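In: mind folding the following:
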Amino acid sequence: MSDLFVLQTPLLELVLRAAVIYFFLLLVMRFIGRHEFGQLTPFDLILLLIISESISEAFTAGDTSLLAALVSASTLLGLSVLVSIGQYKSRRFRSIVSPEALKVIENGKVIERSLRRELMTRDELVERLRARGIGGIEEVRIAYIESDGDISALTYRETDRYRAAAAAEEDK
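Out: Alright, predicted model coming up:
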(Lines give C-alpha, C1' and ligand atoms only; values in the text may rest on other atoms or scores of the structure.)
Protein backbone atom coordinates (compact mmCIF):
# COMPACT_ATOMS: atom_id res chain seq x y z
CA MET A 1 0.00 0.00 0.00
CA SER A 2 2.82 2.42 0.75
CA ASP A 3 4.25 1.86 -2.77
CA LEU A 4 1.21 3.56 -4.30
CA PHE A 5 2.80 6.96 -3.92
CA VAL A 6 6.45 6.01 -4.43
CA LEU A 7 7.73 6.68 -7.92
CA GLN A 8 9.89 3.93 -9.36
CA THR A 9 10.68 6.09 -12.40
CA PRO A 10 12.17 9.58 -12.20
CA LEU A 11 9.55 12.33 -12.36
CA LEU A 12 11.20 14.10 -15.29
CA GLU A 13 11.28 10.86 -17.29
CA LEU A 14 7.53 10.35 -16.75
CA VAL A 15 6.78 13.90 -17.90
CA LEU A 16 9.08 13.54 -20.92
CA ARG A 17 7.54 10.19 -21.92
CA ALA A 18 4.03 11.58 -21.75
CA ALA A 19 5.01 14.71 -23.70
CA VAL A 20 6.77 12.77 -26.47
CA ILE A 21 3.84 10.39 -26.89
CA TYR A 22 1.34 13.28 -26.82
CA PHE A 23 3.12 15.24 -29.55
CA PHE A 24 3.75 12.12 -31.61
CA LEU A 25 0.05 11.25 -31.58
CA LEU A 26 -0.89 14.87 -32.25
CA LEU A 27 1.29 14.91 -35.37
CA VAL A 28 0.07 11.52 -36.54
CA MET A 29 -3.57 12.58 -36.15
CA ARG A 30 -2.81 15.86 -37.94
CA PHE A 31 -1.46 14.05 -40.99
CA ILE A 32 -4.00 11.23 -41.10
CA GLY A 33 -6.60 13.58 -42.50
CA ARG A 34 -9.58 15.55 -41.31
CA HIS A 35 -12.36 13.40 -42.64
CA GLU A 36 -11.20 10.48 -40.49
CA PHE A 37 -12.38 12.38 -37.41
CA GLY A 38 -15.78 13.38 -38.71
CA GLN A 39 -17.30 9.97 -38.03
CA LEU A 40 -16.03 7.32 -35.66
CA THR A 41 -16.53 3.90 -37.20
CA PRO A 42 -16.20 0.61 -35.30
CA PHE A 43 -12.79 0.16 -36.98
CA ASP A 44 -11.69 3.59 -35.68
CA LEU A 45 -12.84 2.74 -32.17
CA ILE A 46 -10.92 -0.56 -32.22
CA LEU A 47 -7.85 1.24 -33.54
CA LEU A 48 -8.04 3.82 -30.73
CA LEU A 49 -8.35 1.09 -28.11
CA ILE A 50 -5.40 -0.83 -29.52
CA ILE A 51 -3.25 2.29 -29.72
CA SER A 52 -4.06 3.24 -26.14
CA GLU A 53 -3.24 -0.25 -24.94
CA SER A 54 0.01 -0.39 -26.92
CA ILE A 55 1.34 2.87 -25.51
CA SER A 56 0.10 2.59 -21.92
CA GLU A 57 3.28 0.91 -20.70
CA ALA A 58 5.41 3.56 -22.42
CA PHE A 59 3.73 6.33 -20.42
CA THR A 60 4.90 5.04 -17.07
CA ALA A 61 7.96 2.93 -18.00
CA GLY A 62 6.47 0.03 -16.08
CA ASP A 63 6.00 2.14 -12.96
CA THR A 64 2.80 0.81 -11.39
CA SER A 65 2.50 3.44 -8.68
CA LEU A 66 -0.57 5.61 -8.54
CA LEU A 67 1.65 8.67 -8.53
CA ALA A 68 3.20 7.68 -11.90
CA ALA A 69 -0.28 7.45 -13.43
CA LEU A 70 -1.24 10.81 -11.93
CA VAL A 71 1.95 12.46 -13.22
CA SER A 72 1.35 11.07 -16.74
CA ALA A 73 -2.31 12.11 -16.77
CA SER A 74 -1.47 15.57 -15.39
CA THR A 75 1.19 16.01 -18.06
CA LEU A 76 -1.26 15.10 -20.82
CA LEU A 77 -3.93 17.45 -19.46
CA GLY A 78 -1.38 20.24 -19.04
CA LEU A 79 -0.12 19.79 -22.59
CA SER A 80 -3.68 19.86 -23.88
CA VAL A 81 -4.24 23.20 -22.16
CA LEU A 82 -0.93 24.55 -23.50
CA VAL A 83 -1.81 23.48 -27.04
CA SER A 84 -5.20 25.20 -26.72
CA ILE A 85 -3.53 28.39 -25.49
CA GLY A 86 -0.99 28.16 -28.32
CA GLN A 87 -3.78 27.81 -30.88
CA TYR A 88 -5.61 30.78 -29.41
CA LYS A 89 -2.57 33.05 -29.37
CA SER A 90 -0.75 32.04 -32.55
CA ARG A 91 -2.21 31.66 -36.02
CA ARG A 92 0.95 29.88 -37.16
CA PHE A 93 0.79 27.37 -34.30
CA ARG A 94 -2.91 26.84 -35.03
CA SER A 95 -2.12 26.05 -38.68
CA ILE A 96 0.44 23.45 -37.60
CA VAL A 97 -1.78 21.74 -35.05
CA SER A 98 -5.17 22.15 -36.66
CA PRO A 99 -5.60 22.39 -40.43
CA GLU A 100 -7.62 25.12 -42.09
CA ALA A 101 -11.01 24.28 -43.53
CA LEU A 102 -10.65 22.70 -46.97
CA LYS A 103 -13.09 23.63 -49.74
CA VAL A 104 -14.53 20.48 -51.34
CA ILE A 105 -17.50 21.83 -53.32
CA GLU A 106 -17.92 25.12 -55.11
CA ASN A 107 -20.97 26.08 -57.18
CA GLY A 108 -22.30 22.52 -57.23
CA LYS A 109 -19.00 21.02 -58.43
CA VAL A 110 -16.70 18.77 -56.45
CA ILE A 111 -13.09 19.86 -56.11
CA GLU A 112 -11.48 16.49 -56.84
CA ARG A 113 -8.02 17.65 -55.75
CA SER A 114 -9.37 18.36 -52.25
CA LEU A 115 -11.01 14.93 -52.05
CA ARG A 116 -7.75 13.24 -53.09
CA ARG A 117 -5.85 15.24 -50.49
CA GLU A 118 -8.20 13.98 -47.78
CA LEU A 119 -8.47 10.44 -49.19
CA MET A 120 -12.22 10.90 -49.32
CA THR A 121 -14.36 9.33 -52.01
CA ARG A 122 -17.19 11.11 -53.77
CA ASP A 123 -19.57 8.56 -52.23
CA GLU A 124 -18.37 9.44 -48.72
CA LEU A 125 -18.89 13.12 -49.45
CA VAL A 126 -22.42 12.52 -50.75
CA GLU A 127 -23.19 10.36 -47.70
CA ARG A 128 -22.02 13.09 -45.35
CA LEU A 129 -24.11 15.67 -47.22
CA ARG A 130 -27.20 13.45 -46.98
CA ALA A 131 -26.63 13.18 -43.23
CA ARG A 132 -26.98 16.98 -43.21
CA GLY A 133 -30.24 16.81 -45.12
CA ILE A 134 -28.74 17.83 -48.47
CA GLY A 135 -29.97 15.77 -51.41
CA GLY A 136 -26.97 16.09 -53.68
CA ILE A 137 -23.81 17.91 -54.68
CA GLU A 138 -25.67 20.08 -57.19
CA GLU A 139 -27.62 21.70 -54.30
CA VAL A 140 -24.42 22.94 -52.65
CA ARG A 141 -23.06 26.39 -53.34
CA ILE A 142 -19.99 25.84 -51.17
CA ALA A 143 -18.84 23.12 -48.75
CA TYR A 144 -15.80 22.63 -46.56
CA ILE A 145 -14.23 19.85 -44.56
CA GLU A 146 -13.62 21.58 -41.25
CA SER A 147 -10.56 20.98 -39.09
CA ASP A 148 -12.55 18.55 -36.92
CA GLY A 149 -13.53 16.49 -39.97
CA ASP A 150 -17.11 17.72 -40.06
CA ILE A 151 -18.64 18.91 -43.33
CA SER A 152 -20.15 22.37 -43.44
CA ALA A 153 -22.19 23.28 -46.49
CA LEU A 154 -24.16 26.22 -47.72
CA THR A 155 -26.85 25.28 -50.21
CA TYR A 156 -28.36 27.52 -52.82
CA ARG A 157 -31.60 27.58 -50.82
CA GLU A 158 -29.83 28.83 -47.69
CA THR A 159 -27.89 31.41 -49.69
CA ASP A 160 -31.11 32.73 -51.18
CA ARG A 161 -32.67 32.98 -47.70
CA TYR A 162 -29.65 34.92 -46.39
CA ARG A 163 -29.79 37.29 -49.35
CA ALA A 164 -33.53 37.85 -48.81
CA ALA A 165 -33.01 38.48 -45.09
CA ALA A 166 -30.15 40.90 -45.82
CA ALA A 167 -32.26 42.73 -48.43
CA ALA A 168 -35.17 42.99 -45.99
CA GLU A 169 -32.83 44.35 -43.36
CA GLU A 170 -31.55 47.02 -45.78
CA ASP A 171 -35.10 48.12 -46.53
CA LYS A 172 -35.74 48.96 -42.86
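
In: low-confidence regions, this structure specifically.
Out: Under the criterion pLDDT under 70, the flagged ranges of the chain are 1-2, 32-41, 158-168, 171-172.

In: center of it, which residue is that?
Out: Taking CA atoms, centre = their mean as the criterion, residue 148 is the residue nearest the geometric centre of the chain, at 4.0 Å.

In: is that one in a helix, a strand, or coil?
Out: Counting by DSSP: H, G, I helix; E, B strand; the rest coil, the backbone at residue 148 sits in coil.

In: how about it, phi and psi?
Out: Phi and psi for residue 148, reported as degrees, to the nearest 10, are phi -90, psi 0.

In: what sits against the closest residue in space to residue 69 that isn't next to it in sequence?
Out: Spatially, and ignoring its direct neighbours in sequence, residue 69 is nearest to residue 60 (6.4 Å; CB to CB, 6 or more residues apart in numbering). (Glycine included, C-beta is placed from N, CA and C.) Residue 60 makes contact with 9, 14, 17, 68-69, 72 under the criterion CB atoms under 8 Å, 6 or more residues apart in numbering.

In: go again using 7 Å as the cut-off
Out: Contact analysis of residue 60 by CB atoms under 7 Å, 6 or more residues apart in numbering lists 9, 14, 68-69, 72.

In: contacts for stretch 136-143?
Out: 103-108, 110, 126, 129, 134, 151-156, 159.

In: which among those residues count as buried?
Out: Among those, those classed as buried by neighbour count (16 or more other CB atoms under 10 Å) are 104-105, 110, 129, 134, 151, 153, 155.

In: strands - which of those residues land there?
Out: Per DSSP state E, strands hold the following members of these: 104-105, 110, 151, 153, 155.
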